[in-house]
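**Q** following is a predicted model, sequence given first.
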Amino acid sequence: MRITYNQQTISISVDGVKLQDFMDGTPITVTTLGGVVALTEGADGPSVNRSTVQGGTIVVTLRETSRSLEYLRGLFKRQQAGGAGVSVVVKTGAEILVELRNAHLSQPGELSTGGPTMGSFPYTFVGTELEMSNLSNGGR
């Protein structure tokens, strides 16, 4: 399952540090990993193969001048040196929409530039525990 959120209506914090300066017009994307059900055919007939939800990803895109870049660079270096996973929380007001625990930060994507506009970097958090509220579909 993949859900996108309007970055103007939510906030994202990484281990309690609120991310700042999202790239204008870019959504926040949350994708669950696993949770797939498929039919299989065995020697004794058809069956159902279930894959449990195994975590997820959250992708955010920040401006190239974002005040959060230094924090994320430091987090990436700590995690590459064996640092622990973090908690990434997506909120609307005081309501938690998504919490990704034991999350690790992938290396940022390439700087995108769209002509006269400011460039941006996509950042992907991958975690083993993803919890979504019942209201999470309403944030699109």
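**A** Received it, and whenever you're ready, just let me know what you need. Numbers count the residues shown, from 1 in each chain.
**Q** now do the phi/psi pair for Lys77.
**A** phi -60, psi -40 (degrees, to the nearest 10).
**Q** tally of neighbours for it?
**A** 11 (other CB atoms under 10 Å). All C-beta spots, glycine's among them, are computed from the backbone N, C-alpha and C.
**Q** number the chain from 35, please
**A** All right, first residue 35 from here; so that's Lys111.
**Q** against Asp55, how distant is it?
**A** 20 Å (CB to CB, to the nearest Å).
**Q** now swap in Ser102 and tell me
**A** In terms of CB to CB, Ser102 sits 6 Å off from Asp55.
**Q** need the residues touching each of those two.
**A** Counting by CB atoms under 8 Å, 6 or more residues apart in numbering, the residues touching both Ser102 and Asp55 are Leu96.
**Q** that's a helix at Arg107, yeah?
**A** Yes. Under DSSP: H, G, I helix; E, B strand; the rest coil, Arg107 falls within a helix.
**Q** skipping adjacent residues, who's closest to the most centrally placed residue in the chain in space?
**A** The structure's the chain has its C-alpha centroid closest to Ile92; by CA atoms, centre = their mean the separation is 0.7 Å. Excluding the flanking residues, the one nearest Ile92 by CB to CB, 6 or more residues apart in numbering is Phe159, at 4.7 Å.
**Q** I'd guessed the one you found sits against Asp49; true?
**A** No. Judged on CB atoms under 8 Å, Phe159 makes no contact with Asp49 at a distance of 10.9 Å.
**Q** between these two, which is the more surrounded one?
**A** Per other CB under 10 Å, whichever of Phe159 and Asp49 has more neighbours is Phe159, with 23 against 13.
**Q** what's near enough to touch the more buried one?
**A** Contacts of Phe159 by CB under 8 Å, 6+ apart are 48, 91-94, 120, 122, 134, 137-140.
**Q** partner residues bridging the residue nearest to the centre of the chain?
**A** Under DSSP bridges, the beta-bridge partners of Ile92 are Val64, Phe159.
**Q** same check on Ile46?
**A** If you apply DSSP bridges, the partners that Ile46 bridges to are Val124.
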